[in-house]
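In: model this:
(one chain, ligands or ions: 1)
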Amino acid sequence: MVKLLGICGSPRKAATEYILTEALQAAAEIEGVTTQLLTLRGKKINFCLHCDRCVKNELDYCPTFDDDMRPVYQTFYEADAYLLASPVYNMGASGQIVTFLNRFRPTYTILKKDPNYFSRKVGGAIAIGGTRNGGQETALNVLLGFYYTHGILVVSGGLGIYHGAAIWSQDRKVEGAREDVTGVANARTIARRVAEAAIMLKSGKGLLNHETETIARR
Ligand SMILES: Cc1cc2nc3c(=O)[nH]c(=O)nc-3n(C[C@H](O)[C@H](O)[C@H](O)COP(=O)(O)O)c2cc1C
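Out: Numbers count the residues shown, from 1 in each chain. Predicted coordinates:
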């Protein structure tokens with residue numbers, strides 16, 4: 001089984017959560033896929049202070065704040081695949097999801113021990129804007145940056161969907177998002193591609209007869 005974790009970066013139950021739920025349902029139709037939706041709605045997540053206590057103490061969680069991030073770390077580390085979904089805020093991703101992603105500074109501890117820890121996990125991205133061309137693509141790039149910095153393999157949406165699914169909600173929550181039939185279909189497509197890539201990667205892992213190069217060059 002592969003575990004696909006969908007993370008919803010909207011502070012409300014509206015377009016983003018609807019689209020992500022649709023996408024996860026599409027992925028769950030594939031045999032061997034389990035899905036989980038993690039919403040940031042209502043969660044108290046502090047900003048990363050870059051105190052580096054996690055790094056200095058070699059912890060895989062943040063010891064500075066006992067906030068709603070605490071139980072999330074393990075869930076995140078155990079997943080095989082990710083779908084990051086964010087509303088478009090000022091042509092970027094939401095503050096909620098950016099704050100959440102910044103709190104993964106402790107992954108440095110994991111990557112120090114095993115530089116390939118995330119390299120056989122995959123991720124895709126979804127952005128929902130109130131305007132048709134309101135910055136979905138720039139928001140998607142913010143989300144993909146997290147994958148790149150962790151060595152998580154980025155799954156493209158394929159022909160016409162490129163670096164992620166872009167949805168136009170017309171600022172009308174679920175109702176508006178549902179009317180973007182193409183956007184909904186693209187979100188379902190990228191979710192299925194992410195799930196399929198995760199299955200192939202997990203099942204093909206045993207075929208490697210060498211250790212992946214682990215030396216990081218900066
Ligand atoms: C602070 C803020 C900034 C926003 N900036 C943009 C923007 O730059 N481009 C855009 O298309 N929509 C923008 N929107 C609209 C939301 O992206 C849109 O309504 C989206 O569907 C909200 O997702 P939700 O329904 O899941 O909350 C903004 C909304 C807020 C609250």
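
In: Pull the contacting residues for Ala85.
Out: Ala85 makes contacts with 6-10, 16, 19-20, 23, 125-128, 187, as judged by CB atoms under 8 Å, 6 or more residues apart in numbering. Heads up, the C-betas are built off the backbone N, CA and C, glycines and all.

In: what is the mean pLDDT for the longest helix belonging to the chain?
Out: Across the chain, the longest stretch assigned as helix under DSSP state H is helix 181-204. Averaging pLDDT along helix 181-204 yields 97.

In: Closest one to Leu38 out of the contacts of Ala85, please.
Out: Ile7 (5.0 Å; CB to CB).

In: That closest one in helix, strand or coil?
Out: At Ile7, secondary structure determined by DSSP: H, G, I helix; E, B strand; the rest coil is strand.

In: can I assume it is in contact with Gln36?
Out: No: the pair Ile7 / Gln36 is not scored as a contact, 9.5 Å apart, by CB atoms under 8 Å.

In: Tell me which of the two has more neighbours.
Out: Taking other CB atoms under 10 Å, Ile7 and Gln36 do not tie; Ile7 has more neighbours (25 against 13).

In: Filter the contacts of Ala85 down to the buried ones, PyMOL style.
Out: To isolate the buried ones among those in PyMOL, judged by 16 or more other CB atoms under 10 Å, type:
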select buried, resi 6+7+8+9+10+16+19+20+23+125+126+127+128+187
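
In: returning to what we had before: for the longest helix of the chain, packing partners?
Out: strand 2-8, helix 15-28, strand 33-39, strand 81-87, strand 122-129, strand 165-168, helix 173-179 (3 or more CB pairs under 8 Å, 6 or more residues apart in numbering; DSSP states H and E).

In: Need the residues that contact stretch 130-147.
Out: Residues outside stretch 130-147 that contact it (CB under 8 Å, 6+ apart) are 82, 84, 86, 88-93, 97-98, 101, 104, 123, 125-129, 152-154, 163-164, 166-171, 176.
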